[in-house]
Structures are given as C-alpha cells and as structure tokens.
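Undergrad: Using only what follows, build the 3D model:
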Amino acid sequence: DWKPFKINDFAKVKRGASPRPIEHFLTRNTDGVNWIKIGDAPRYGKYIESTKERVTSAGASLSVSVLPGDFILSNSMSFGRPYILKTSGCIHDGWLRLFDFADTADSDFLFYLLSSDEVQAQYRALAAGSSVQNLNKEIVKRVLVHLPSLPEQKAIAEALTSMDTHISNLTELIEKKKAIRDGALEDLVSGRTRLEGFNGKWHCNPLAKLGTFVKGAPLSKAAITSSGTPLILYGELYTTYGDVVHNVIHRTNVCVEQKYFSVTGDVIIPTSGETAEEIATAACVMQDGVILGGDLMIIKTNKLLIDGRFLSYTINHVVNRAIADIAQGISVIHIKPKEVSRIAVLYPDIDEQRAIADVIEAMDDEIASLEIERDKMQQIKAGMMDDLLTGRVRLIG
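TA: Modelled structure (predicted):
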C-alpha cells in the first residue's frame with residue numbers, strides 16, 4: 001500500500017536567486033528579510049530557525065521567498081542535504097525550495113526520506129556525467145520515492161525523531177563534558193587549582209632537565225604494513241591521537257634501532273608542520289615497544305621527575321605558545337630539539353602530577369564512553385531508516 005511518486009508529482013521545486021552584488025542589499029535593520037545561508041544550517045538536526053544576515057525588501061524581491069514548513073536543499077555544499085524551515089526569508093541560488101507537499105507528505109517523514117541513502121544515490125546517479133556534481137530542480141523533480149499513508153508517515157517520523165532527540169542530547173552532554181574537562185585541565189596543569197591533599201611548592205626547569213631528546217626513526221607512510229610492530233608517525237599527532245596515546249593504530253615490519261622504541265611515558269612532538277600553532281602539539285605514549293618515526297622529536301622522560309601525561313598536557317595547554325614562537329619556516333614550519341629543550345615548564349612533585357593526570361584521564365574515559373554510545377545510536381538510527389523508510393519493517397498499528 002506504499003505508492004510510488006516522483007517528487008514533481010506531489011511537491012513544487014524552485015531554485016533560489018541571488019541579488020547581485022549581495023553586499024548592496026544586506027541590512028542591519030531588524031525589519032529586513034532573513035537571508036538564509038549554508039552557515040545558518042545546524043551541524044546536527046533538521047531545522048533552520050534563524051539567520052545571521054538580512055536583506056532589504058529590494059534584495060528580497062530579486063531573490064526567492066520561503067516560508068516556515070518549506071524544505072530547502074543545498075544544491076552544491078552538502079549535496080542535497082535537506083533542512084526544514086522554521087522561519088521565513090529568502091534564499092540564494094545555492095538552494096532549492098521544496099514546497100506545497102502537505103496533502104501528500106508529512107514534513108518530518110519527508111526530511112528522513114530525502115536524507116536516506118536511496119535518495120542520495122538517486123541524486124548522484126541523475127547528476128552523473130556533469131563536470132560538477134551539483135543538484136538542480138530538474139534532477140530533484142525526477143527522484144522516485146514511495147510514500148505510505150500520512151498516519152504511517154507521521155508514526156515513522158516520530159520513531160526516528162525520538163532517536164534524533166537521544167543523539168542530540170548525547171552530543172550536547174559530550175560538548176558540555178569536554179568544556180568542563182578543558183577548563184579543569186588548564187587550571188590543574190597551571191597550578192591555579194590544586195587537588196585535595198597537595199600543597200607542595202611547584203618547580204620550574206627547562207625541558208632538558210626532565211628528559212633526553214632523541215630524533216625519531218626515518219620512516220614514512222610507506223613503512224606501514226598490515227601487521228608487525230606498532231608505529232606512530234608525526235602526522236598522526238595532528239589527525240589521530242590526543243594528549244595521551246593508549247592504543248596505536250598502525251604497524252610496520254621495518255627493523256630499527258632500539259633508541260627509536262618507546263618506553264611508557266615518552267612524550268613525542270612533531271618537528272615539522274604547516275603552521276607554528278599546529279606544530280606545538282605533544283602526545284604521551286603509554287605503551288612500551290612502539291616505533292616512533294617520521295619527523296618526531298622524542299622526549300625520553302625522567303620518570304622520577306616528570307609524568308609523561310602531565311608533561312604532554314603542559315606542552316599542549318601551557319607552553320604551546322612558547323614552542324610556536326621558536327618555530328621557523330614559511331611553507332613548512334620546523335622546530336629544533338635544542339631550542340625546545342630550553343623551554344621552561346612549571347610542575348609539582350611526581351605524586352601530584354600523577355594525580356592530576358589520573359583525574360584528566362578519567363574525564364577523557366567518560367567522554368569516550370559517551371561518544372561510543374552516540375556512535376552506536378547513530379548506527380541503530382541508520383538501520384531504522386533503512387528498514388522503516390523502505391517498508392521492510394512496519395510499525396504496529
């Protein structure tokens with residue numbers, strides 16, 4: 001009892017228009033017309049509720065008006081991602097307006113349907129062959145969908161919306177926990193806040209006093225294999241690892257000297273990067289026997305004086321500016337171990353360092369578990385969409 005429709009059969013599609021030059025039509029007046037841009041769309045969620053910019057009535061007359069309840073589809077950025085409007089305004093030619101569908105389709109159900117893999121695949125197939133993979137209204141009009149009755153559409157939309165609400169709540173909680181963690185970290189590693197039971201004087205010494213410096217093994221991505229010895233390359237500090245590394249992703253079969261193998265608590269810093277700020281990045285390796293290579297600076301920490309986790313937090317959040325200031329280069333930025341070794345750091349006795357690191361890692365573990373739960377919920381929702389939007393699984397009633 002699901003009926004096939006092309007979108008053109010039950011909805012109207014219109015392309016936005018851009019008054020040019022747009023700068024001449026922007027206004028700060030509160031009575032201006034909302035000018036809806038991709039930056040107004042939420043990272044997660046389905047509604048656009050407000051805009052950052054407005055245009056004059058003259059600019060709006062040269063654009064395309066939209067109303068609450070309309071859909072707008074991005075025809076280039078995010079390629080066909082739908083958003084439901086909760087505000088009126090006007091749209092430029094980077095959007096498509098989808099409207100007048102209420103008699104046949106529920107807006108929330110249609111949102112999930114237009115977000116589905118099946119519809120996205122049709123977009124790509126119908127746009128194939130063009131030099132730029134953009135949507136246009138003729139492509140959208142030809143997309144084929146199957147629609148159940150309006151009551152069933154609403155029931156399906158409610159089930160999927162409940163999942164979205166749970167995922168959104170988890171995301172909000174994760175961001176809140178991250179903000180708390182970042183604030184606590186900066187206070188604890190700078191000494192502004194002390195943990196209960198600790199009141200000893202902090203020490204100040206150059207990094208050279210806290211460990212020895214070793215250059216990483218001369219290995220690149222070409223050394224990565226499917227099995228073998230764990231391997232960390234410098235670029236992964238920018239893309240893969242955080243302050244502390246417990247699980248190493250890559251492996252290699254290359255044999256290297258013993259000095260390139262990690263000892264738990266070693267701290268690594270990249271010696272090259274694209275910007276001075278980027279290069280001021282550290283990670284503590286909490287695993288023995290990892291090969292450290294590819295433009296890495298290794299600090300073999302003195303375990304009696306410094307906890308590697310605490311030192312990594314300090315480098316990333318306290319002395320990162322000092323490291324950025326000594327970086328050199330234009331297209332590629334470099335730092336030298338000799339200069340880094342002169343940078344002074346402030347630190348408490350080793351027991352307080354470990355206590356601080358344990359507190360921060362506990363916060364990180366809590367955040368990681370919430371992120372795992374959110375990922376599972378997103379996978380469950382994807383499976384629900386695949387079943388419910390195709391009719392393979394029907395809701396009771």
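
Undergrad: which residue ranges form the helices in the stretch 201-350 of the chain?
TA: Taking DSSP state H, counting those that start in this stretch, the helices of the stretch 201-350 of the chain run over residues 236-239, 276-279, 308-317, 320-326, 337-340, 350-388.

Undergrad: Against which helices or strands is the fifth one packed?
TA: Helix 337-340 makes packing contacts with strand 211-215, helix 320-326 when contacts are defined by 3 or more C-beta pairs under 8 Å, 6 or more residues apart in numbering; DSSP states H and E. Quick note: C-beta positions are derived from backbone N, CA and C, even for glycine.

Undergrad: re earlier: going by mean pLDDT, which of the helices of the stretch 201-350 of the chain comes out lowest?
TA: Note on those: lowest mean pLDDT is at helix 276-279, with a mean of 82.

Undergrad: buried set for that helix?
TA: Going by neighbour count (16 or more other C-beta atoms under 10 Å), the buried part of helix 276-279 is 276, 279.

Undergrad: ok, back up a step: okay, the helices of the stretch 201-350 of the chain in TSV with distance to G89 next?
TA: Listed next are the helices of the stretch 201-350 of the chain as TSV, based on distance: least, C-beta to C-beta, whole Å:
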stretch	distance to G89
helix 236-239	38
helix 276-279	37
helix 308-317	41
helix 320-326	42
helix 337-340	52
helix 350-388	29
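
Undergrad: quick one: which of those helices is nearest P206?
TA: Nearest to P206, of all the helices of the stretch 201-350 of the chain, is helix 337-340, at 9.5 Å by C-beta to C-beta.

Undergrad: Pipe the helices and strands packed on helix 337-340 into JSON lines and attach distance to A282 per row.
TA: Below are the helices and strands packed on helix 337-340 laid out as JSON lines (distance: least, C-beta to C-beta, whole Å):
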{"stretch": "strand 211-215", "distance to A282": "12"}
{"stretch": "helix 320-326", "distance to A282": "8"}
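
Undergrad: K154: which of those is closest?
TA: helix 320-326 (51.8 Å).

Undergrad: quick one: buried residues of that closest one?
TA: Buried residues in helix 320-326, counted by 16+ other C-beta under 10 Å: 320, 322-324, 326.

Undergrad: again, but for stretch 26-38
TA: So, applying 16+ other C-beta under 10 Å, buried residues of stretch 26-38: 27, 32-38.

Undergrad: between these, which is closest to C284?
TA: For the buried residues of stretch 26-38, the nearest to C284 is I38 (38.9 Å; C-beta to C-beta).

Undergrad: Just the pLDDT at the closest one, thanks.
TA: On the pLDDT scale, I38 is placed at 88.

Undergrad: With I48 as the reference, measure out to it.
TA: Here the criterion is C-beta to C-beta, to the nearest Å. By it, I38 lies 10 Å from I48.

Undergrad: Tell me which of the helices and strands packed on helix 337-340 lies nearest to A11.
TA: Closest approach to A11 among the helices and strands packed on helix 337-340 (C-beta to C-beta): helix 320-326, 52.0 Å.

Undergrad: so what does that closest one touch, helix or strand wise?
TA: helix 276-279, helix 337-340.

Undergrad: hmm, back to that, dump the buried residues of stretch 26-38 to JSON lines, plus secondary structure.
TA: Formatted as JSON lines, the buried residues of stretch 26-38 follow (DSSP: H, G, I helix; E, B strand; the rest coil):
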{"residue": "T27", "secondary structure": "strand"}
{"residue": "G32", "secondary structure": "coil"}
{"residue": "V33", "secondary structure": "strand"}
{"residue": "N34", "secondary structure": "strand"}
{"residue": "W35", "secondary structure": "strand"}
{"residue": "I36", "secondary structure": "strand"}
{"residue": "K37", "secondary structure": "coil"}
{"residue": "I38", "secondary structure": "helix"}
